[in-house]
Structure formats: structure tokens, C-alpha cells
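**Q** After the sequence you'll find the predicted model.
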Amino acid sequence: MNSPTNPIRLCVIGNSHVASLKLGWERIATLNPDMQVTFFGARGASLKDLEFRRDHFEARSEEVRNQLKATSGGLTDIFPDAYDAFVLHGLGVRFDTVVNAYLDSEERSPDTIDVASSLDRTLAFSLARTLAAFGSRVIISPQPFVSERVVSGRFPAYQKWPALLDGSGNLLSDIEQLLHEWTHCATRFPVVHQPVETVRYKIFTQHRFCSNSVRLTSDFDELHKKNDVLHMNVDYGVLVMQNIIAACRDVPASLAPNDTRDTPSSGARRHPYEGRPDHAYWRRTVSHVPPLEITDWYRKKFEIGSLAVATAGSCFAQHIGRRLRQQGFNYLDIEPPPADLSPDKRLENGYGQYSARYGNVYTARQLRQLLESALGQFVPVDRAWEKDDGYVDPFRPTIQPVPCGSVEEVESSRREHLSAVRELFTRADIFVFTLGLTETWESIKDGAVFPVAPGVSGGIFDPATYRFRNMNFKEVLQDMRRFFDLARELNPRMKFLLTVSPVPLAATASEQQVVVATTYSKSVLRAVAGQLSDNRNHVDYFPSFEIINSHVMGGRFFEEDMRSVKESGVDHVMRQFFREHRPPEPDAVHDPEDEGDVHCDEEMLAAFGPS
């Protein structure tokens, strides 16, 4: 059995009948931590609209995309290599099709019904063949039998069905034969049949599993009509999902196709790398491809669309926020500039850098403490630092060029800011955070961390009060987990998109040479981001770090100092981003005032090292 930290990633695709399975899974999910299930559903035969494009399924119509998005929790495209196994539920695999063919035939002989061909023509088997050719493992889950109520003869579509039972309530021998063929039909794919405890008269579903069935809608809050005899309820979904989970737990035995003659990339593979997609091979993706034409850097985990987006992080995150604004995304700016502040003064006063006026947030610890402070769970000892003839906020010392006149003014400004931060995390649907550093300076008294060392932009450095910290993997991971938990307690719908800044350290306070120190810092941050993205459905990772820093790019995206990222590098990174996250307003008019330099006090980190 897979462990909870490495769950089986199961994808369930189905028509309207998938609603009961999704609701059933929600009831038992906490009892099955070794399973991670994603549902994609669309009503009727509309999934015929799915089109396989190179490496994923994509719906051609907006209506189907919206239905997929509603059932999956925000996804619209289905990537075979994102899941360990697929369950295809319904999608034409239904026994009443066989029964009706028998009832409509003149001979009324089971020998005239080609059960295997009827299954092979279904959408489920069509999708299964495509998935199997890609190397995916597939389970077929048939649509439920119709309700036992149809034997009453009161349903026009099933007027002939009462004749399927004799006077004693036994199934006709012809239908018994067809049922046996349908149940034991030799296919390339394993089939998880309807739970026996839900069945009546062998080909009907007990009506108690049909009452109060829920329609496949965006909110799953609408019931089918009382006379519906096709759709099942959450109790039915629980039983089906339990059977599917049992089949999935023994992955090699249960999920391998029964016949691999036409699927050389699945069970018949000579080694695990055979049949992998092009992007998995260096030779196909990189070796003979011009660097700027390398593709498949990133595949989104969830949609952004028109959702409210907020950003924070190191200075590279300012580029991301600016491009999101320019492309017409629903970008949040909780602390906009005063109307009378001229455009050339906005950036140096901390406006427009990010979604709130917190300045650069370089470390995971700084981000965690920011949210804890906004929630009133952390009150740092340091209230204000002296600078020149005034005072600055220790946690955003460069947010404005002129210091405040008093400690009280600093504290008043900080209270307003933290109130805005709380509002930000209440309103945002997507939070983009760029991890920048592992090195930081902290207060010995309470563990508070600062964006720059005391003494650089205010305050006085005292080794008895402040100390250097270089966070390790475990510490960064714990800080990010704590941040996610707090943010989703405040706003359960929030999702997160992580990046790692490609900008090297300006200086290091460690004993390492600055390039070695940079490698340590970025390696830790990248590993943490990967761990979180791999294990949390609501966390995605975008590889801006890899795109800029990979040796295949030959350093083309850095200025002469080999540290500052060129605008052409930002352009290339964001092109990869927008290939996945299509701008809601691709022809948006760009504001020329939104083209200025980013504000980055990271240069001041040179003060970390010895003079």
C-alpha cells in the first residue's frame, strides 16, 4: 500500500453519474489517506468533446471546460502522466443498452447481440485505448443498473422491461446469458462492477440508492426529479468508491491491462523509461533544440482565469505581479497609492510593488510571521528602528524614503498595513509567492526575522540582540506548512503558486563563497517548493528559477554582473507561464506607468558580509 506521503493519484472521469462517486469520496476521503482522487465530470455524452493534444486531453467547448472545472476543483485539462491510474465511469458502458438491443431485435435471441462490440464502441473504451497507448493504467466502472422501479411498467422508456422477469421474479434465461457475457467479456482493461449489495433481480439497482440523487452541477446542490431511475445517491457512491479503492491499492496486479498486445508502452515495457513522453528525454527536449524553443517547462495544476490573484516574495516577484496586471488578470492591490502621489514616487514609497505594502518578503519565516502578525498571533519586540532623525518599521524599513517622525507613527502605519494584509488573505483566491533566501537575521529575544540586517536600513546591529540564521530544509518546510495552514484557516478556498527567485545572493553572511552559498540557498528553496507542490493539491510550482538559471540557456538572461535578470529573461519566463495560464484579457491595454523598474533592497545585503 502507498503511504499517505506518497499517495496513489487516481483520476476519475465520467458523465453525470460521477456526481454520486464524488460525493461518496468526500464522505470517506479522510479514511483513505493513501489515495488522492481527482474527478472530471460532464453531463450526457459531452465528453466526446475531449480532444487529445500531444500530451493531454482538452475540451473544445467552453461549456464542457466549465463542467470539468467545477468537478475537479479548478482543472480543465487532463494530463495522463499526472496520475497513477484512471477510472472511467459510465461513458456508455451500461447494461441497459444490451437489454434494449435484445428487446428491439426481431429474433429476441442473445446470440444476435454482439456484447463485445457494443462495449468497444463506447466512449469509455475509446478514452481507455488512448490512455493505454500513453502508458496509463485504466479501470472501467460501468454505469449503474436502472432502478428496480422500472419493472412497474410506469416508465415509457422501459415499457418492455417488466417482461424480463417471470412470475416468480426470476430473470429470463436469455438475459441471464447476456448478463454473463457482459460481466465476463474479455477486454484489455479490468472492470470494477457495481457493488452486489446495491443490486436487485441481478440487473436492477435497489431504489433506496436512487432516491435523493444529486445532479452534476457546479455546487452539487440540486436533486434529480423524483421519478429519475438512472442516477444514484451518495450512499451508492460510497460503496462504488470503496470497491475502486480496493482495486487500486494493489496497483501492479489490478491496474495493468489484461491484454497489452496493442499497448507496448504499458505492461509489456522492457524498462520503466520506455514509452515515456518526449519531454521526459533530454535528447528529444534539449539536445538538438534551440534554447529559446525548448518547451514543456510547466504544466499548471489549477486554473487562475478570473480568480483574484495576490503576489509577494523577493524582488523577482514584482515582475510576475506586473505582468499579471498587464495581461488583465484579476490582480489584487489592497493598499493602492494615494491619488495625489505622483507616478514616479509610487514605487519608492512601496506602492505597486506587490498586492500589499509589505515590501520584499525574502524568506519563508518572514512570510509566516507576517501572516501571524496580521492575525494577532505574533507581536514582535522590535517596534521601530531609529534612522537618521526619525524611525522606520523594522519589518519593512525601506518601504518609504523618508522615516516617520515618531515611534507612534510607525506603529500606526504598521497597524493599518497588517489590517490590509488580513484583508488580502481573506479576498485572494490565488497567492503567488517567490522564495528568495534562506539567510536572514533574527532577534534573539523573540525569533522575529527582518528583510535586511539591523544597521543596514535602520536600527543598530548588536550581536547580543541579533544573530544570523541560515535556514535549513526542515525549517523552511515547517514555516511554509504553518503559513499554508493559517492562510487556509482564514480562507479555505485559497490556492498557492510557488516560484524560486533566479537572482543570486548579493552577499552572504555564511562562511561559504557567495556562489556556493547561493547554490545552497536556492537548492533548499527549490526542494521545499517541490515537496509542497508534490504533496498538496492546492500548491503549484512554476519553474522560473530553472528557466533562467539552467546551463542550457548559457547565461543569456543575465546582465554583465551575472546577477541581474534581463528584461528579455523575464519576457521568456512569462511566455512559458502564459502558455498555461491564458490571460483573460489578452488584448488588455498596458499602462505605460506600469513599466518602471522593480524596487529591490536586496543590494543592501552586501552589508551582511565583512567590510
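**A** Done, it's in. Residues are numbered from 1 along each chain as shown.

**Q** model confidence over stretch 557-569, on average?
**A** Averaged across stretch 557-569, the pLDDT comes to 94.

**Q** end to end, how far does it reach?
**A** Stretch 557-569 has an end-to-end distance of 5 Å (criterion: C-alpha to C-alpha, to the nearest Å).

**Q** which stretches of the chain have low pLDDT?
**A** In the predicted model, the chain carries pLDDT under 70 at residues 1-5, 186, 250-275, 585-611.

**Q** Now do the domain split for it, please.
**A** Following automatic domain parsing, one gets these domains for the chain: 8-255, 360-583.

**Q** what's the first-to-last distance across the last one?
**A** Looking back up the chat, that one is domain 360-583. By C-alpha to C-alpha, one end of domain 360-583 lies 26 Å from the other end.

**Q** do you know which of the domains of the chain lies nearest residue 276?
**A** Closest approach to residue 276 among the domains of the chain is made by domain 8-255 (7.3 Å; C-beta to C-beta). C-beta coordinates here come from the backbone N, C-alpha and C atoms, glycine included.

**Q** Tell me the gap between that closest one and the middle of its chain.
**A** In terms of C-alpha atoms, centre = their mean, to the nearest Å, the centre of domain 8-255 is set 26 Å apart from its chain centre.

**Q** How about stretch 555-563?
**A** Distance of stretch 555-563 from the chain centroid (C-alpha atoms, centre = their mean) equals 32 Å.

**Q** can you check stretch 562-574 too?
**A** Counting by C-alpha atoms, centre = their mean, stretch 562-574 is centred 26 Å from the centre of its parent chain.

**Q** coming back round to it: for the domains of the chain, give me a markdown table that also has mean neighbour count.
**A** Converted to a markdown table, the domains of the chain look like this (neighbours: other C-beta atoms under 10 Å):
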| stretch | mean neighbour count |
| --- | --- |
| domain 8-255 | 18 |
| domain 360-583 | 18 |
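
**Q** Turn the ones you listed into CSV, columns for distance to residue 292.
**A** Output for those, formatted as CSV (distance: least, C-beta to C-beta, whole Å):
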stretch, distance to residue 292
domain 8-255, 19
domain 360-583, 7
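
**Q** so which of the ones you listed gets nearest residue 310?
**A** Closest to residue 310 of those, according to C-beta to C-beta: domain 360-583, at 4.1 Å.

**Q** just the helices in the stretch 251-400 of the chain please.
**A** 251-255, 282, 316-326, 343-346, 364-374 (DSSP state H, counting those that start in this stretch).

**Q** mind checking which of these is nearest residue 144?
**A** With respect to residue 144, and counting by C-beta to C-beta, the nearest of the helices of the stretch 251-400 of the chain is helix 251-255 at 21.0 Å.

**Q** Check which element follows that closest one along the chain.
**A** Using DSSP states H and E, the helix or strand that follows helix 251-255 in sequence is helix 282.

**Q** Mind giving me the packing neighbours of that following helix?
**A** If you count contacts as 3 or more C-beta pairs under 8 Å, 6 or more residues apart in numbering; DSSP states H and E, helix 282 packs onto no helix or strand.

**Q** chain center to that helix, what's the gap?
**A** Chain-centre distance of helix 282: 26 Å, with C-alpha atoms, centre = their mean.

**Q** ok, the nearest residue to residue 92 once chain neighbours are set aside to residue 350 distance?
**A** Distance criterion C-beta to C-beta, 6 or more residues apart in numbering; nearest residue to residue 92, sequence neighbours excluded, is residue 122 at 3.2 Å. Relative to residue 350, residue 122 is positioned 59 Å away (C-beta to C-beta, to the nearest Å).

**Q** Which one, of the domains of the chain, ends up nearest to residue 293?
**A** Evaluated over the domains of the chain, closeness to residue 293 peaks at domain 360-583, with 10.8 Å, by C-beta to C-beta.

**Q** Now do the contacts for the residue nearest to residue 92.
**A** By C-beta atoms under 8 Å, 6 or more residues apart in numbering, the contact list for residue 122 reads 91, 92, 93.

**Q** how about these in CSV, adding distance to residue 494 and secondary structure?
**A** Shown next, in CSV, are these (distance: C-beta to C-beta, whole Å; DSSP: H, G, I helix; E, B strand; the rest coil):
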residue, distance to residue 494, secondary structure
91, 33, coil
92, 38, coil
93, 38, coil
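
**Q** quick check, nearest of those to residue 143?
**A** Ranked by distance to residue 143 (C-beta to C-beta), those are led by residue 93 at 6.1 Å.

**Q** That closest one reaches residue 142, doesn't it?
**A** Yes. Taking contacts as C-beta atoms under 8 Å, residue 93 lies within contact range of residue 142: 4.5 Å.

**Q** quick one, helices of the stretch 51-200 of the chain?
**A** All helices of the stretch 51-200 of the chain, identified by DSSP H, counting those that start in this stretch, fall at 62-72, 95-104, 115-120, 123-133, 173-184.

**Q** CSV please, covering those helices and showing distance to residue 296.
**A** Formatted as CSV, the helices of the stretch 51-200 of the chain follow (distance: least, C-beta to C-beta, whole Å):
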stretch, distance to residue 296
helix 62-72, 21
helix 95-104, 40
helix 115-120, 33
helix 123-133, 19
helix 173-184, 41
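
**Q** Tell me which of those helices lies nearest to residue 415.
**A** Residue 415 lies closest, by C-beta to C-beta, to one member of those: helix 62-72, at 39.0 Å.

**Q** Now do the closest one: which elements does it pack against?
**A** helix 18-28, strand 35-41.

**Q** Distance to residue 433 for those - can I get that in TSV?
**A** As requested, these are arranged in TSV below (distance: least, C-beta to C-beta, whole Å):
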stretch	distance to residue 433
helix 18-28	28
strand 35-41	23
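
**Q** picking up where we left off before, now the helices of the stretch 251-400 of the chain in CSV, please, with extra columns for distance to residue 191.
**A** Below are the helices of the stretch 251-400 of the chain laid out as CSV (distance: least, C-beta to C-beta, whole Å):
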stretch, distance to residue 191
helix 251-255, 11
helix 282, 39
helix 316-326, 46
helix 343-346, 63
helix 364-374, 47
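
**Q** Residue 33 is nearest to which of those helices?
**A** helix 251-255 (16.2 Å).

**Q** Looking at the helices and strands packed on helix 62-72, which is nearest to residue 492?
**A** Across those, residue 492 has its closest neighbour in helix 18-28 (14.0 Å, C-beta to C-beta).

**Q** Helix 62-72 and the closest one, what's the angle between them?
**A** Orientation note: helix 18-28 sits at an angle of 20 degrees relative to helix 62-72 (axes from the mean of the first three to the mean of the last three C-alpha atoms, to 10 degrees).

**Q** now for helix 18-28, which elements pack on it?
**A** strand 8-14, strand 35-41, helix 62-72, helix 234-249.

**Q** Reformat those as JSON lines; add distance to residue 84.
**A** Output for the helices and strands packed on helix 18-28, formatted as JSON lines (distance: least, C-beta to C-beta, whole Å):
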{"stretch": "strand 8-14", "distance to residue 84": "5"}
{"stretch": "strand 35-41", "distance to residue 84": "9"}
{"stretch": "helix 62-72", "distance to residue 84": "16"}
{"stretch": "helix 234-249", "distance to residue 84": "8"}
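
**Q** Dig out what the residue nearest to residue 82 when sequence neighbours are not counted forms beta bridges with.
**A** Leaving aside its chain neighbours, residue 82 sits nearest to residue 9 (6.9 Å; criterion: C-beta to C-beta, 6+ apart). Going by DSSP bridges, residue 9 is paired in beta bridges with residue 36.

**Q** can I assume residue 9 is in contact with residue 83?
**A** Yes. Taking C-beta under 8 Å as the definition, residue 9 is a contact partner of residue 83 at 4.6 Å.

**Q** quick one: common contacting residues for these two?
**A** Joint contacts of residue 9 and residue 83 (C-beta under 8 Å, 6+ apart) are residue 38.

**Q** my hunch is that residue 426 is in a helix, does that hold up?
**A** Yes. Assessed with DSSP: H, G, I helix; E, B strand; the rest coil, residue 426 lies in a helix.
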